[in-house]
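Asks: A structural model of the following input is requested.
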Amino acid sequence: YFSLPDAPKDTSVSINLSGETINSISVTLTCRSNANPPEQNYTWFKTNGAAVWEKGSGQSFNITEISSGDSGQYYCEAQNKHGAHNSTAVTVDVQCEYIFGLF
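Replies: Numbers count the residues shown, from 1 in each chain. Next up, the predicted model:
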């Protein structure tokens, strides 16, 4: 069986939540894709409206001590020497309520 070299395709993001209290919740986003040869680089992006920010690199991206400022859409780009492919964006929606008082 022989497989021709190919750029990444079928790129997707999975989400894993961990933590026991609101102050310790973290989110791990993991990028997966099919390519030959396997992906060499993963880049993470966050969008909010028309703005796009590069957030990191690597197959997984961790958001620790998540807060409302982390809300937005996240996607990954998988890249090898034959090309690149973006995943569909996943939405992270953090809704927090804080009670602030002076005593």
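
Asks: so who does V90 touch?
Replies: V13, I15, L29, Q73, Y74, Y75 (C-beta atoms under 8 Å, 6 or more residues apart in numbering). Bear in mind the C-beta positions are built from the backbone N, C-alpha and C, glycine included.

Asks: thought P5 was touching P38?
Replies: No. Counting by C-beta atoms under 8 Å, P38 is not a contact partner of P5; they are 11.1 Å apart.

Asks: bridge partners for the residue nearest to Q40 when sequence neighbours are not counted, pull those for me.
Replies: Spatial nearest neighbour of Q40, chain neighbours left out: N80 (5.0 Å); criterion: C-beta to C-beta, 6 or more residues apart in numbering. Counting by DSSP bridges, N80 forms beta bridges with G83.

Asks: how close does A51 get to D93?
Replies: Per C-beta to C-beta, to the nearest Å, A51 is found 17 Å from D93.

Asks: over to H85?
Replies: 25 Å.

Asks: ok, the two, which is more surrounded?
Replies: H85 (18 against 9; other C-beta atoms under 10 Å).

Asks: so that one, which state does it fall into?
Replies: strand (DSSP: H, G, I helix; E, B strand; the rest coil).

Asks: please name the residues that touch it.
Replies: H85 touches A7, P8, K9, D10, T11, S33, A35, E77, A78, Q79, counting by C-beta under 8 Å, 6+ apart.

Asks: and the closest residue to it other than its chain neighbours, helix, strand or coil?
Replies: Nearest residue to H85 in three dimensions, chain neighbours excluded: P8, at 4.2 Å (C-beta to C-beta, 6+ apart). Three-state assignment for P8 (three-state DSSP): strand.

Asks: re the thing from before, now the buried members of the contacts of H85.
Replies: The neighbour count (16 or more other C-beta atoms under 10 Å) marks A7, P8, T11, S33, A35, E77, A78, Q79 as buried among the contacts of H85.
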